[in-house]
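> got a predicted structure here, sequence first:
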Amino acid sequence: MSRRRRLRDYYRQFEELSPEEVSAGLRERSAQARARSLAVVPPLDLSSTAWHEPPHPEVVNAATFALRRAVSAYPEPTAEAARVAIAARHGLPPERIVLGHGAGEL
């Protein structure tokens, strides 16, 4: 049977029906298809750390925002101990040691 004939036969079934009846039939068919697709839920394998799909875009945006803030943050005041240790290692006074996030910032 040719494709054209199949399409014609398919649409011929709607000729005798009102638009409301056609719409109701299509909604019913769609509801049945949805119910069938929800009936089968594949098992979720939690035996590994790999996730089966990419992360949600909002999660990626939040992580990117947090990492960018951390890269340009200034050293914490508790970094004084690191300055003293570095100064002692190189035989310098702690006032001459400057901590920062890379040469671009310093």
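Noted; the coordinates are in hand. Source: prediction; values computed, not measured.

> contacts and neighbour counts: CA atoms only from here.
Will do.

> put the alpha carbons of stretch 47-59 into PDB.
What follows is stretch 47-59, C-alpha atoms only, in PDB (Å, rounded to 0.1, in the frame of the first residue of the first chain):
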ATOM      1  CA  SER A  47      26.600   1.100  42.700                       C
ATOM      2  CA  SER A  48      28.900   3.700  41.100                       C
ATOM      3  CA  THR A  49      29.500   7.400  41.300                       C
ATOM      4  CA  ALA A  50      28.800   8.000  37.600                       C
ATOM      5  CA  TRP A  51      25.500   9.800  36.900                       C
ATOM      6  CA  HIS A  52      23.600   8.600  33.800                       C
ATOM      7  CA  GLU A  53      22.900  12.100  32.400                       C
ATOM      8  CA  PRO A  54      24.600  15.500  32.400                       C
ATOM      9  CA  PRO A  55      24.000  17.800  35.400                       C
ATOM     10  CA  HIS A  56      21.200  20.200  35.400                       C
ATOM     11  CA  PRO A  57      22.200  23.600  33.900                       C
ATOM     12  CA  GLU A  58      21.300  25.400  37.200                       C
ATOM     13  CA  VAL A  59      23.800  23.200  39.100                       C
END
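
> quick one, what contacts Ala63?
Contacts of Ala63 were listed using Cα atoms under 8 Å, 6 or more residues apart in numbering, and none were found.

> begin at 33 from here
New numbering, starting at 33: the last item is Ala95.

> element containing it, please.
With elements delineated by DSSP states H and E, Ala95 resides in helix 89-103, which encompasses its position.

> give the buried residues for that helix.
Counting neighbours by 16 or more other Cα atoms under 10 Å, one finds that helix 89-103 has no buried residues.

> mean confidence (pLDDT) on the next helix or strand after it, please.
Proceeding N to C from helix 89-103, the next assigned helix or strand is helix 112-122, under DSSP H and E. Within the predicted structure, the mean pLDDT of helix 112-122 is 89.

> now do stretch 42-52
Predicted confidence along stretch 42-52 averages 75 (mean pLDDT).
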